[in-house]
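pasting the sequence and the predicted coordinates here, then a few questions.
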2 protein chains.
Amino acid sequence: MGSLSLQQKYARLATDDAPGQEIRQGTGSILPLLRGDRLAGTPVDFSHGDVDAFTPTPGAFEAFSQAVEIGGRRAYTEYRGDQELRAMVAQRLAGFTGAAVCGEHGLIITPGTQGALFLAVAATVKAGDKVAIVQPDYFANRKIVQFLEGEIAPVRLHYLDHEERAGIDLGQLEDAFKAGARVFLFSNPNNPAGVIYEPAEIQAIAKLATQYGVTVIADQLYCRLLYDGHTYTHLCAMDMDPERLVTVIGPSKTESLSGYRLGVAFGSRLVIDRMEKLQAIVSLRAAGYNQSVLQTWFAEPDGWMRERIAAHQSIRDDLLRRLRTVDGLRARTPQAGSYLFPQLPPLAVGTGEFVRILRHHADVVVTPGSEFGPHVTDSVRLNFSQDHAAAVQAIERVIDLIRRYRA
Amino acid sequence: MGSLSLQQKYARLATDDAPGQEIRQGTGSILPLLRGDRLAGTPVDFSHGDVDAFTPTPGAFEAFSQAVEIGGRRAYTEYRGDQELRAMVAQRLAGFTGAAVCGEHGLIITPGTQGALFLAVAATVKAGDKVAIVQPDYFANRKIVQFLEGEIAPVRLHYLDHEERAGIDLGQLEDAFKAGARVFLFSNPNNPAGVIYEPAEIQAIAKLATQYGVTVIADQLYCRLLYDGHTYTHLCAMDMDPERLVTVIGPSKTESLSGYRLGVAFGSRLVIDRMEKLQAIVSLRAAGYNQSVLQTWFAEPDGWMRERIAAHQSIRDDLLRRLRTVDGLRARTPQAGSYLFPQLPPLAVGTGEFVRILRHHADVVVTPGSEFGPHVTDSVRLNFSQDHAAAVQAIERVIDLIRRYRA
């Protein structure tokens, strides 16, 4: 407990392969591995969504401008965020999830959902604590727990083996709780696999958490981007002690408001209180004026969200159809969110090398599976919230290179 | 090390008296203490600067708007901030401080200077480490170290006993280093006392840090708001190993850009690298579009900064002249920044009670000295970056109440 040197601690936080950091990587070592001509085409950065292709919610900039006009009252708010905005957001989230949400005591506005995630974990985990973490899942989950010197109890998600359920290994989850894990952290829809937990899985999580006195942190960042034929089950609307749950959500994905860096966490008052105290020393508050952009959230123009989801579904289907022509490649159809997480066929180079070859030889950026878990090093994650035509052409280049490097 | 319960840990992070949090306080307990009629007047919140009285740098909103136009390239940047903006800011900071500043490897953009401070301390301090902390100093310094379960080695600042030097007890600083402190964290100008460290003090700090291998984190947030007749000595321009120093600065104070939540840290490459890794899990990056507002920084219109400083100096002098009519009140004239930190005469109520009485009975918000150190519980901090006339009237109300409650 607390026994790692800073050097060890920060070595585990390596961001060299993290999405968005590719610009800091060199090229040197892959040059001898290059095969064939460079593949020309519009560069596509699948490491994150393209907010130029899918632009921010209408009215977002206007809401920001009004905040600048309002001035001081929006620049300086309570650390947990502006009181009126919290009340408004709480009401909308209650309507959306079916859970009771208290804007005064049970909700905090944070700089991005990343901020909410960090605060929620730091408010519930100390050095030496066991934390149940899904594999694969969002890479920061693991890194936050490691930074806090918590101990990870892994829980497998067999997403490739199912069509309807997410595929969480509930036996392993219970084993983790039995072994002493008192916090469970997971994303739903799962990042990177794009699968959603079916009602029976969510009910089982609620039941096990209750039985073992576990606090659950549910990252629901992508839960609004839900494809045809699927329904979403909110853990916060289940029969579970509300003080044992924190839900993290934000407008940075489906709504493309990531440039405004806004996130929200709601649920347990005790945890939200702690999160505010920690936010006071970590970043003080969510960007002052930016908070006002939340006015547009869950208040999008009629049909706008439906259209946005349909456009994503169409890209998803076009990319999947092409990827599935590759022998040995496995990809489950995402039920929600904008990630594809194909398992690549055996290649003559490592996945890390292949990712760099893709970037330098085909202008395509993807994120290696190793960021998300130890069992998925043969997979890559693509955020397909991109220009449709450019994404299709980029996938053709990916497929071309898979063929060149097939083992 | 790592042995505190979360309950203990968060109890030490209490924000009940922190600036901006007053809205969450109740009134109940002070009602029986009220003396005389309520004092009417324009409410003044001295807990932070008023960005409606002193508005953001001209061009800030336009720079933000351009960023929204640019779109994705500004929404998603490296975690340490946009490469071009970093290069630009580095050049300007080098010109301002006289130190070498490397935008590529030695600078990070953060969500507010609070973000920079947290990351810098977390990158250099682990559980059990001794950290030298000035008393009084910015309240978050202590809280960040406590959150990381570091141990505080206090160093007194005898600001009331001097006119020119800040008044740091250099003997105590060396004792702290001798006792094993390997990190020294201080604000210059000092928050809350508004004093600046004279050249001999800064040279002594550089020398002692070099001699004992100490890493210094210098919070220079207010160093541009410098009053007539004073010069500022940048530690980063001294003869000291640049890998042993991180300087924190930002445009949220003199420039009133706090609603954009921007901060910068520069110096040691090793520490900046770690700060980026930690930022990746704490908040990902400074608010995307907001970063562009840095274009206006150190590029203000001719005369604008001079005028702003003169306006603050005039408020400072008007408030001090009035405060000094109060028998037994001691106040040093701030050399920089926008804080007054008067020591109150003995009162019939505690300072915490008096602060709440001020708020409820006179619509004046100040911050109790106990936030800044254990020896200054008889003082209160006022940020006088306010509407001039309203601030003067508010000080009259403060003085009236001091007289009512004199012991």
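Structure's in. What do you need? Numbering: from 1, shown residues only, chains lettered A, B, ... in the order given.

what about A:Val131, neighbour count?
26 (other CB atoms under 10 Å in any protein chain shown). Glycine gets a C-beta too; all of them are placed from N, C-alpha and C.

and the host helix or strand of it, how far from the chain's centre?
Assigned by DSSP states H and E, A:Val131 belongs to strand A:130-135. Taking the mean of its C-alpha atoms, strand A:130-135 sits 16 Å from the chain's own mean (CA atoms, centre = their mean, to the nearest Å).

okay, now the sheet partners of it, with direction.
Here strand A:130-135 has these sheet partners by DSSP bridges: strand A:151-156 (parallel), strand A:183-187 (parallel).

what comes into contact with the helix or strand containing A:His361?
According to DSSP H and E, A:His361 maps onto helix A:351-362. Applying CB atoms under 8 Å, 6 or more residues apart in numbering or on different chains, the contact partners of helix A:351-362 are A:17, A:22, A:25, A:27, A:29-30, A:33-34, A:38-39, A:41, A:344, A:347, A:349, A:364-370, A:377-380, A:394, A:397-398, A:400-401, A:405.

next step: these restricted to strands.
Using DSSP state E, A:Val364, A:Val365, A:Thr367, A:Pro368, A:Val380 are the members of the contacts of helix A:351-362 that sit in strands.

so what's A:Val183 bridging to?
For A:Val183, the beta-bridge partners under DSSP bridges are A:Val131, A:Thr215.

any idea how far it lies from chain B?
Noted for A:Val183: a distance of 11 Å to chain B, by CB to the nearest CB, to the nearest Å.

what about the helices in the stretch 51-200 of chain A?
A:60-70, A:72-75, A:83-97, A:112-122, A:139-147, A:170-178, A:199-212 (DSSP state H, counting those that start in this stretch).

reformat those helices as JSON lines; add mean neighbour count, mean pLDDT and distance to chain B.
Shown next, in JSON lines, are those (neighbours: other CB atoms under 10 Å in any protein chain shown; pLDDT from 0 to 100; distance: least, CB to the nearest CB, whole Å):
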{"stretch": "helix A:60-70", "mean neighbour count": "19", "mean pLDDT": "95", "distance to chain B": "5"}
{"stretch": "helix A:72-75", "mean neighbour count": "21", "mean pLDDT": "83", "distance to chain B": "3"}
{"stretch": "helix A:83-97", "mean neighbour count": "18", "mean pLDDT": "97", "distance to chain B": "7"}
{"stretch": "helix A:112-122", "mean neighbour count": "29", "mean pLDDT": "97", "distance to chain B": "4"}
{"stretch": "helix A:139-147", "mean neighbour count": "24", "mean pLDDT": "95", "distance to chain B": "5"}
{"stretch": "helix A:170-178", "mean neighbour count": "17", "mean pLDDT": "98", "distance to chain B": "19"}
{"stretch": "helix A:199-212", "mean neighbour count": "18", "mean pLDDT": "98", "distance to chain B": "18"}
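
could you dump these to CSV with distance to B:Gly103?
Supplementary listing: those in CSV, determined by distance: least, CB to CB, whole Å:
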stretch, distance to B:Gly103
helix A:60-70, 27
helix A:72-75, 27
helix A:83-97, 35
helix A:112-122, 24
helix A:139-147, 26
helix A:170-178, 45
helix A:199-212, 46
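
B:Met240 is nearest to which of these?
helix A:139-147 (29.2 Å; CB to CB).

check which helices and strands the closest one sits against.
Applying 3 or more CB pairs under 8 Å, 6 or more residues apart in numbering or on different chains; DSSP states H and E, we find helix A:139-147 packed against helix A:112-122, strand A:130-135, strand A:151-156, strand A:183-187, helix B:269-282.

again, 7 Å this time
helix A:112-122, strand A:130-135, helix B:269-282 (3 or more CB pairs under 7 Å, 6 or more residues apart in numbering or on different chains; DSSP states H and E).

tell me how many other residues surround A:Cys160.
No Cys there; residue A:160 is Leu. Around A:Leu160 there are 16 other residues, counting by other CB under 10 Å.

domains for chain A, by residue range?
As given by automatic domain parsing, the domain ranges for chain A are A:6-55+A:303-405, A:60-296.

what's the end-to-end length of the first one?
Spelled out, it's domain A:6-55+A:303-405. 39 Å (CA to CA, to the nearest Å).
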